[in-house]
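J.: Kindly generate the corresponding structure for this input.
(4 chains)
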There are 2 protein chains.
Amino acid sequence: MPAADIDRMFQALGDPTRRAIIASLTLGPKSVSRLADPLGVTLTAVAQHLRVLQDTGFVRTEKLGRVRTCSLQATGFRAVEQWAAEHRALWERRMDALGDLLAEEED
Amino acid sequence: MPAADIDRMFQALGDPTRRAIIASLTLGPKSVSRLADPLGVTLTAVAQHLRVLQDTGFVRTEKLGRVRTCSLQATGFRAVEQWAAEHRALWERRMDALGDLLAEEED
DNA sequence: GGGTCAGTCAAGTGAGCACTTCAGTATAAG
DNA sequence: CTTATACTGAAGTGCTCACTTGACTGACCC
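T.: A predicted model of the protein is given here:
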C-alpha cells in the first residue's frame, strides 16, 4: 500500500461530511439523493464526496437507470485498521525494548 | 470517543508531513530539531504539527532544559484501529445478513 | 409528446490550513 | 559575560478543498 494512497484515505476520513456519509451507509445502501437529504448539503457536494470515498476504497457505487446506489466497501476499513495495528505494534515493541533496557540496568 | 475528536484524528493523519513525523518517531524519540532536519520544513512548522499530533493523542512530548523530546503514544493508534475495526465489523454483519437473505430466497 | 426526477459537469467563491519569516525567550557552552 | 542553541509566538501568504450555483443529460411517468 503506497504512502500516497494512505494519505488520501486519512484525508478522506478527516472530513465530517464524508464521515457522516459513511455512518449513514452503515445502515444500508442508499441513493445519492437519500444520502444528501439529511446532510444539509447539495446533491453535487455529496457526489463529489462519493467520488473521493470511492477512490479511496470506502464506498462502492453502481448506477441503475437514473439512480446511483452507494454502499460500503471493506477495502478502506481494512487498510486503516492494518495501518493503525502496525503502528501500535511498533510502539509496543519499543515499549518492551525499553522495559528490557530498564530491567538490565537494575542488575 | 466524541465524533469531533475522531474527525481531528483523521484530519491529523491526512497530512503527509505529520505522517512523516509519526514514521520518524517509530524509530525512537527525537527532538524537534532532529525531526525537522530531514523533513525539509521549518522548526516552526514541525512544532505546529506536533501540537496537532499531541492534541489528537498520537505523540507525547516533554521539555527538558531547552530541548523538547517527542515520542509516540498508543492512544491515537488504538482509537483509529478501533474505529476501523468497528466499521469493518458492521460491514461484515451486513454482508452476512445479505447472505442469509439470498439463502432464504433460494428456498 | 411534455414534465418531473436523479444525477452530472463546469466554473466560481470562501474559509481553513500548511508553511514561512522574523522577533523573542530561555538554556547551555566557552 | 558573550555567543550559540533550541525552541516559541505572532503575523502574513498562498493554495487546497468543501461547497454552491446554474446549465445540462438521461431515465421514468402521464
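J.: Which residue lies closest in space to A:Gln55, excluding its sequence neighbours?
T.: Careful, residue A:55 is Asp; it's not Gln. A:Arg8 (7.1 Å; Cβ to Cβ, 6 or more residues apart in numbering or on different chains). Quick note: C-beta positions are derived from backbone N, CA and C, even for glycine.
J.: In this structure the one you found contacts A:Thr56, no?
T.: Yes. Using Cβ atoms under 8 Å as the test, A:Arg8 is close enough to A:Thr56 to be in contact (5.4 Å).
J.: Now do the same contact list for A:Asp96.
T.: With contact set as Cβ atoms under 8 Å, 6 or more residues apart in numbering or on different chains, A:Asp96 has no partners.
J.: quick one: contacts for the residue nearest to A:Asp55?
T.: Contacts of A:Arg8 by Cβ under 8 Å, 6+ apart are A:52, A:55-56.
J.: For it, pull up the helix or strand it's in.
T.: helix A:3-14 (DSSP states H and E).
J.: can you pull the buried residues of that helix?
T.: A:6-14 (16 or more other Cβ atoms under 10 Å in any protein chain shown).
J.: Kindly report the same for stretch A:39-50.
T.: Applying 16+ other Cβ under 10 Å to stretch A:39-50 flags A:41, A:46, A:49-50 as buried.
J.: closest to B:Arg78 among the residues you listed?
T.: A:His49 (27.2 Å; Cβ to Cβ).
J.: what does chain A put close to DNA strand D?
T.: A:11, A:14-17, A:40-42, A:44-45, A:48-49, A:52, A:64-66 (Cβ under 7 Å from any atom of the strand).
J.: And those residues, which two are furthest apart?
T.: So, these by Cβ to Cβ: farthest apart are A:Gly14 and A:Gly65, at 33.5 Å.
J.: what's the span of stretch A:31-46, first residue to last?
T.: Length of stretch A:31-46, first residue to last, Cα to Cα, to the nearest Å: 11 Å.
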